[in-house]
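**Student:** sequence unavailable; structure follows:
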Ligand code: SF4
């Protein structure tokens, strides 16, 4: 781990879903490429937004925004259960863009539910985001990943499931 590596939007998302997942990613233990869920997300993106000529937008090599249109930041998601994490990830992009002189808002797209949500970086949301950033920074300093006492529902769709729970018999409902 390089302590000067920037925090990404994905780290913010992971932290709010599972700090252990965030730690593993911060320390470059990546398994996401093999995940069926990641593949599902990719297919959702490609099928739903093919007509948008969607292109991932890279900002300074560490912010990967799904796409922008007319100056608005768009993120495409396919799970309902992590909405706060999605909102905060998008807020982080808006915050980082504002640091670079770009003031805009964002839209979360949930194509599987045919739903969208507008996200503004309000002072309240930014204050919440700053707390999360500090917590992610503190997590990064920990020498070992935080323990999770037992498998959670989200572990079933996590790329680290085998790593975390290969000795466990069954994931709880
Ligand atoms: S498998 Fe579960 S405990 Fe392990 S990183 Fe993923 S969400 Fe966290």
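**Tutor:** Good, I have the coordinates. Computed from a predicted structure; not experimentally measured.
**Student:** what comes up buried for stretch 148-158?
**Tutor:** Neighbour-count burial for stretch 148-158 flags 151, 154-155, 158 (criterion: 16 or more other CB atoms under 10 Å). Bear in mind the C-beta positions are built from the backbone N, C-alpha and C, glycine included.
**Student:** keep only these that also lie close to the ligand.
**Tutor:** Among the buried residues of stretch 148-158, proximity to the ligand is found for 154-155, 158 (CB under 6 Å from any ligand atom).
**Student:** tabulate those residues in a markdown table, adding columns for distance to residue 57 and secondary structure.
**Tutor:** Shown next, in a markdown table, are those (distance: CB to CB, whole Å; DSSP: H, G, I helix; E, B strand; the rest coil):
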| residue | distance to residue 57 | secondary structure |
| --- | --- | --- |
| 154 | 27 | helix |
| 155 | 31 | helix |
| 158 | 26 | coil |
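**Student:** now those residues in CSV, with pLDDT?
**Tutor:** Shown next, in CSV, are those (pLDDT from 0 to 100):
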residue, pLDDT
154, 89
155, 92
158, 89
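**Student:** which one of the residues you listed is nearest to residue 23?
**Tutor:** residue 158 (13.1 Å; CB to CB).
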